[in-house]
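J.: this one's structure only:
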Ligand code: PGA
């Protein structure tokens, strides 16, 4: 059976550097690449590392196209709780990626289904995703593909689980949390030519091990990454990797 490339590093900072290495190498190889990056606490180290390289002149993102992975329905990028807005403040605004190369989910479109299809077409128009960097939700989601999502799901609107709503509430600071999001689909993500899953912390160890080693099931959407193992690199710090099986395919750095 195929195995992903597994890179286990000492800590969060090393995870960020290893993920940044892949993103930067992708852009060197394919300067006009279509790339997706996640939101959340996991990718912040990667963003900081990439930004440091951009600021040092060691990385040029000016020709890539950045496709966002998810956004709350009815929330625009200028809303303080927007995932796209968060990504802009955390990474995009200082990345050198031109604004017209940034593709937010059309989460306020009058016809959301048609707009989601158009988003898929836009990815295809840019050659498909060269690289999709993903985080892992505590409930096994990737992007905002919540439990119940199928491996062939496309970009669409879906209801958030109570767990995700509770997690988002921490960011929404007392305001009501949207209950629906638009997410790039699992099937869409699995078509990326390269995938990177970044995972940090002991709290993710169990869900991470089940995603890689357990049965493929909509109950744990990240388990469908097994269908793209040949194109997948997982980068985890030691606490997150604690429950992974030993494997002869496993590369540890
Ligand atoms: P986190 O979120 O990086 O904040 O843990 C991961 C996710 O929900 O995708």
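T.: Looks like it came in fine. Quick caveat, the model's predicted, so the values are computed rather than measured.

J.: so who does residue 169 touch?
T.: By C-beta atoms under 8 Å, 6 or more residues apart in numbering, the contact set of residue 169 is residue 177. Yep, even glycine has a C-beta here, placed from its N, CA and C like the rest.

J.: numbering from 447 from now on, please.
T.: Taking 447 as the first residue, the last one we looked at is residue 615.

J.: mind listing the helices for the stretch 447-596 of the chain?
T.: Assigned helices in the stretch 447-596 of the chain, in chain order: 458-475, 490-501, 529-536, 558-571 (criterion: DSSP state H, counting those that start in this stretch).

J.: show me what the first one is packed against.
T.: What it means is helix 458-475. strand 451-455, strand 480-482, helix 490-501, strand 575-581, strand 641-645, strand 678-683 (3 or more C-beta pairs under 8 Å, 6 or more residues apart in numbering; DSSP states H and E).

J.: rerun that using 6 Å as the cut-off
T.: strand 451-455, helix 490-501, strand 641-645, strand 678-683 (3 or more C-beta pairs under 6 Å, 6 or more residues apart in numbering; DSSP states H and E).

J.: any idea how far the third one is from the middle of the chain?
T.: Which is strand 641-645. 8 Å (C-alpha atoms, centre = their mean, to the nearest Å).

J.: what does it contact?
T.: 461, 465, 468, 488, 578-580, 582, 654, 674, 677-682, 686 (C-beta atoms under 6 Å, 6 or more residues apart in numbering).

J.: among the residues you listed, which are within reach of the ligand?
T.: 488, 582 (C-beta under 6 Å from any ligand atom).
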